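Have a look at this prediction, sequence included:
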Amino acid sequence: MGLMLFVAIIAKGQDSYISVQAEKGDGIYSLLRKQGVNPYEAFDDFIAVNIANLRDSVHLYEGRNYKIPSTALDTLPVVDSIQNQPIEIKKTEGKSFPIFGEGYEMVIPKSDKLKGAVYYLISGHGGPDPGAMAVYENKKIAEDEYAYDITLRLAKELLANGATVYVIIRDEDDGIRDDRILKIDHDEVAYPDKTIPLNQVARLKQRVDIVNALHRKHRGQFQRLIVTHVDSRSKGQNIDVFFYHHAKSRNGRKLAESIHKTFQKKYKKYQPNRTYTGTFQDRTSLYLVKKTHPAMTFIEIGNIRNKKDQKRILESDNRQALAKWISEGVLMDFEGGEIGPIR
């Protein structure tokens, strides 16, 4: 009956929220999708009205009731829990990007705030190199799979705000995934469809050459590069998200600082009892930082071997929150414009 009541409330406009009980395995995004609400649009509203009823400010409690915003409906079907039949509530114009995978391919415009901006997104490792490895519940997990998932989610956020986006490391089979354990494969390619070399230096040079060629193509436009990695340290070392930039790039520093400030603000709002210790600093010695031409930031999401950091990485709601927070920092950076030399 809960869903049927939802449809009636939307039609009559009697209320701003409905109440839905979280079931086992539900996350914020899956709960919103079940109700036909665009999770990308409604996430912040959901957090705001349910903050007192969330674990760690972003996780649901099984069996508890949560308020669902009745705004931001899109083409996602609503499933009638009685007859198990899809009910389309409202259609919103969007564009399909198959790289995001089944169920995620539609990008619904949010704004044109990033119109004219070009972003290059590189997820760490890929192809023959899975990156940092760890074991979770007797199963292997690999850095490249989680960095790629976060990168896709970030790409979708940027596209929804009007940006031009190049996903440099690509896996046409994976798309955005909500699983905790992301299956490891080695079929990633470099944009547009280049085989990724086995040799580390050759791999990095390939990415640099691709980005720099695209940078020349878009000469005169606002351009930024975002590289996403997952670190590997001792199991006992819990780290917050941190950022690197080129020492001589004022615009790269501004990008890193904008995202860093966004994370500080989000931690203060959603985890007020915890101090955010992530930093931003120059690290020009890194190959991609040193050799690429666009202003850039290099992001380390967490320590894949640490249990607390694994929670940040493994839960799809957390990966989506990370992507959304990064995108908000990107918006802040773009709205501030260029400073000094273009790099």
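Structure's in. What do you need? Numbers count the residues shown, from 1 in each chain.

The stretch 51-200 of the chain: helices as residue ranges?
Across the stretch 51-200 of the chain, reading from the start of the chain, the helices by DSSP state H, counting those that start in this stretch fall at 143-160, 200-217.

quick one: contacts of the last one?
Right, the one you point to is helix 200-217. With contacts defined as CB atoms under 8 Å, 6 or more residues apart in numbering, helix 200-217 is touched by 118, 120, 122, 127, 129, 166, 168-169, 190-191, 194, 196-197, 223, 225, 287-288, 291-294. C-beta: built from backbone N, CA, C; applies to glycine.

now stretch 134-143
Applying CB under 8 Å, 6+ apart, the contact partners of stretch 134-143 are 124-125, 130-133, 180-182, 184, 229-230, 232, 304-305, 310, 314.

From the chain's centre, how far out is that stretch? Work that out for me.
Using CA atoms, centre = their mean, to the nearest Å, the distance from the centre of stretch 134-143 to the centre of the chain it belongs to is 21 Å.

With mean neighbour count added, can I get the helices of the stretch 51-200 of the chain in JSON lines?
As requested, these are arranged in JSON lines below (neighbours: other CB atoms under 10 Å):
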{"stretch": "helix 143-160", "mean neighbour count": "25"}
{"stretch": "helix 200-217", "mean neighbour count": "16"}
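
any chance of the ones you listed in TSV, with distance to residue 325 and mean pLDDT too?
Output for these, formatted as TSV (distance: least, CB to CB, whole Å; pLDDT from 0 to 100):
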stretch	distance to residue 325	mean pLDDT
helix 143-160	10	97
helix 200-217	23	98
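
Distance to residue 237 added to those helices, as TSV?
Compiled in TSV, these are given as follows (distance: least, CB to CB, whole Å):
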stretch	distance to residue 237
helix 143-160	16
helix 200-217	24
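
Which among those helices is found nearest to residue 326?
Evaluated with CB to CB, the helices of the stretch 51-200 of the chain place helix 143-160 nearest to residue 326, the distance being 5.5 Å.

would you put the C-alpha positions of the closest one in PDB?
Provided in PDB are the C-alpha atoms of helix 143-160 (Å, rounded to 0.1, in the frame of the first residue of the first chain):
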ATOM      1  CA  GLU A 143      41.900  -0.500  -6.600                       C
ATOM      2  CA  ASP A 144      41.200   0.000 -10.200                       C
ATOM      3  CA  GLU A 145      37.600  -1.300 -10.000                       C
ATOM      4  CA  TYR A 146      36.600   1.100  -7.200                       C
ATOM      5  CA  ALA A 147      38.500   4.100  -8.600                       C
ATOM      6  CA  TYR A 148      36.700   3.500 -11.900                       C
ATOM      7  CA  ASP A 149      33.300   3.200 -10.300                       C
ATOM      8  CA  ILE A 150      33.800   6.500  -8.400                       C
ATOM      9  CA  THR A 151      35.100   8.100 -11.700                       C
ATOM     10  CA  LEU A 152      32.000   7.100 -13.600                       C
ATOM     11  CA  ARG A 153      29.700   8.500 -10.900                       C
ATOM     12  CA  LEU A 154      31.700  11.700 -11.000                       C
ATOM     13  CA  ALA A 155      31.500  11.900 -14.800                       C
ATOM     14  CA  LYS A 156      27.700  11.600 -14.600                       C
ATOM     15  CA  GLU A 157      27.500  14.400 -12.100                       C
ATOM     16  CA  LEU A 158      29.600  16.700 -14.300                       C
ATOM     17  CA  LEU A 159      27.600  15.800 -17.400                       C
ATOM     18  CA  ALA A 160      24.400  16.600 -15.500                       C
END
